[in-house]
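Participant: Fold the following for me, if possible:
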Amino acid sequence: MKMKNFLKLKRSLNSQAGFSLIEIIIVVAIIGTLMGIIVARISGGNDQAKSGITDTKAYTLQSKLIQYQLAVGKYPTSAQGLQALTTNPGTPIASADDLTDGWGNPFDYKLTAKGPLITSNGAEGTPNSAGSLCYLNGKKADCKTIDAGATN
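Facilitator: Numbering: from 1, shown residues only. From the prediction side, this is the model:
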């Protein structure tokens with residue numbers, strides 16, 4: 001009697017071994033969805049990190065512009081640009097790396113009536129794009145609302 005029960009149990013286990021095609025498809029779909037979410041978050045996080053680096057570099061540039069103003073007596077003109085910080089008489093205040101944003105693009109600089117305006121063209125590298133970042137007098141500003149009338 002024990003042998004009959006064992007054989008019945010063995011047959012029922014054999015008939016249920018393995019996964020059905022539907023189960024495999026569902027598992028693959030779940031794994032694919034999770035991978036898509038993870039990749040999207042990782043790539044989006046990369047842009048956020050570069051934006052943070054750009055913020056830090058822009059704030060540092062503002063302090064270097066103040067150092068330049070103290071040494072020379074005025075901010076660099078728009079025509080001189082940020083390159084004036086690397087060619088300061090005496091000791092250069094900034095290096096070439098300081099003049100690029102988190103994406104490796106050069107910062108734009110204008111001396112406006114409101115003060116120094118530093119602009120990053122963002123990930124696109126295109127002026128006035130949706131991803132542009134603006135800093136006026138060391139504060140992050142909305143690029144669309146800035147009146148960038150240059151003073152020289």
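
Participant: quick one: the strands in this structure?
Facilitator: If you assign secondary structure with DSSP state E, the strands in the chain sit at 108-112, 115-120, 133-136, 139-141.

Participant: Can you check which of the ones you listed gets nearest to I26?
Facilitator: I26 lies closest to strand 133-136 among the strands of the chain, at 43.6 Å (Cβ to Cβ). Quick note: C-beta positions are derived from backbone N, CA and C, even for glycine.

Participant: In a markdown table, list the strands of the chain along with mean pLDDT, distance to L61 and mean neighbour count.
Facilitator: Written out in a markdown table, the entries for those read as follows (pLDDT from 0 to 100; distance: least, Cβ to Cβ, whole Å; neighbours: other Cβ atoms under 10 Å):
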| stretch | mean pLDDT | distance to L61 | mean neighbour count |
| --- | --- | --- | --- |
| strand 108-112 | 93 | 8 | 19 |
| strand 115-120 | 93 | 6 | 22 |
| strand 133-136 | 92 | 8 | 21 |
| strand 139-141 | 89 | 13 | 13 |
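
Participant: what about I66, how many neighbours?
Facilitator: I66 sits with 15 neighbouring residues when counted by other Cβ atoms under 10 Å.

Participant: Over to I93?
Facilitator: Residues contacting I93 under the criterion other Cβ under 10 Å number 21.

Participant: and if you look at the one 5 residues further on?
Facilitator: Close neighbours of D98, defined as other Cβ under 10 Å, add up to 16.

Participant: what do you get for the one 5 residues further on?
Facilitator: Residues contacting W103 under the criterion other Cβ under 10 Å number 17.
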